[in-house]
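# please work out how this folds:
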Amino acid sequence: MEHSTKLFWVLVLCVAVMAHQTTALDILKGVNPPIGKETLTGKNLINKVCTLSPTRDLCIQVLSSDPAKSPNANLKDLTIISLRFAATNASDILTDAKNLIDDDNLDPDVQQGLADCKENILDAESQLEDTIAALMVDSEADAQLWLKAALAAIDTCDDSIPGDDDVLSVKSAIFRKLCNIAITVNKVLVNPTIL
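Okay, the predicted model is just below:
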């Protein structure tokens, strides 16, 4: 009987140590970073993260946009919310590009530029999906690389269209801001001590 009791207490101790390590690992991964004695989530975390963004108001708007997840979101949730918001914006740009390409009154060079832009936007959408996939497997470094690739794709799109006041240029500027918000949140996810 004494052997069973010792075994029981060893198992209890192992479970307690594993629970403590899991909590510590979550903190290191930035899932719920502690600030002082408080663990931030939801609105408090959004406000804290957005102080690091050059577009603070837009950041708060984007990260608060998911009524189901935003109120209790951790850093990973916020990164995914920002990526989905950026992906929606990329889809809007793609729709506009497709509509403009079909305009027979456009100069053939502009139409070619729009076709090139469309391909780059498709790449950016794909890279945002890859970013989300990287986050799902806790590869924040890969996520950062995919985000930068999405930004490069939209820059290439802009370079293929002359001018900077057309519909696509305006929307691509917003897309850049949305990607930069995702980059900011992901940086905090990688290193929660910067909060």
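# can you give me the helices in this protein?
2-29, 42-50, 56-63, 75-101, 108-136, 140-159, 167-190 (DSSP state H).
# figure out which of those helices is closest to residue 69.
Closest to residue 69 of the helices of the chain is helix 75-101 (Cβ to Cβ; 5.1 Å). C-betas here are computed from N, CA, C, even on glycine.
# can you give me the angle that closest one makes with helix 56-63?
Here the directions of helix 75-101 and helix 56-63 differ by 100 degrees (axes from the mean of the first three to the mean of the last three Cα atoms, to 10 degrees).
# if we can go back for a sec, any chance of the helices of the chain in JSON lines, with distance to residue 69, mean pLDDT and mean neighbour count too?
Shown next, in JSON lines, are those (distance: least, Cβ to Cβ, whole Å; pLDDT from 0 to 100; neighbours: other Cβ atoms under 10 Å):
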{"stretch": "helix 2-29", "distance to residue 69": "17", "mean pLDDT": "55", "mean neighbour count": "10"}
{"stretch": "helix 42-50", "distance to residue 69": "9", "mean pLDDT": "96", "mean neighbour count": "19"}
{"stretch": "helix 56-63", "distance to residue 69": "10", "mean pLDDT": "97", "mean neighbour count": "19"}
{"stretch": "helix 75-101", "distance to residue 69": "5", "mean pLDDT": "92", "mean neighbour count": "21"}
{"stretch": "helix 108-136", "distance to residue 69": "13", "mean pLDDT": "90", "mean neighbour count": "19"}
{"stretch": "helix 140-159", "distance to residue 69": "17", "mean pLDDT": "90", "mean neighbour count": "19"}
{"stretch": "helix 167-190", "distance to residue 69": "13", "mean pLDDT": "90", "mean neighbour count": "21"}
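# got the contact list for residue 72?
41, 42 (Cβ atoms under 8 Å, 6 or more residues apart in numbering).
# what do you get for residue 71?
42, 43.
# can you tell me how far it sits from residue 187?
23 Å (Cβ to Cβ, to the nearest Å).
# repeat that for residue 137.
Counting by Cβ to Cβ, the gap from residue 137 to residue 187 is 18 Å.
# now do residue 67
Counting by Cβ to Cβ - residue 67 and residue 187 are separated by 26 Å.
# that'll do, ta.
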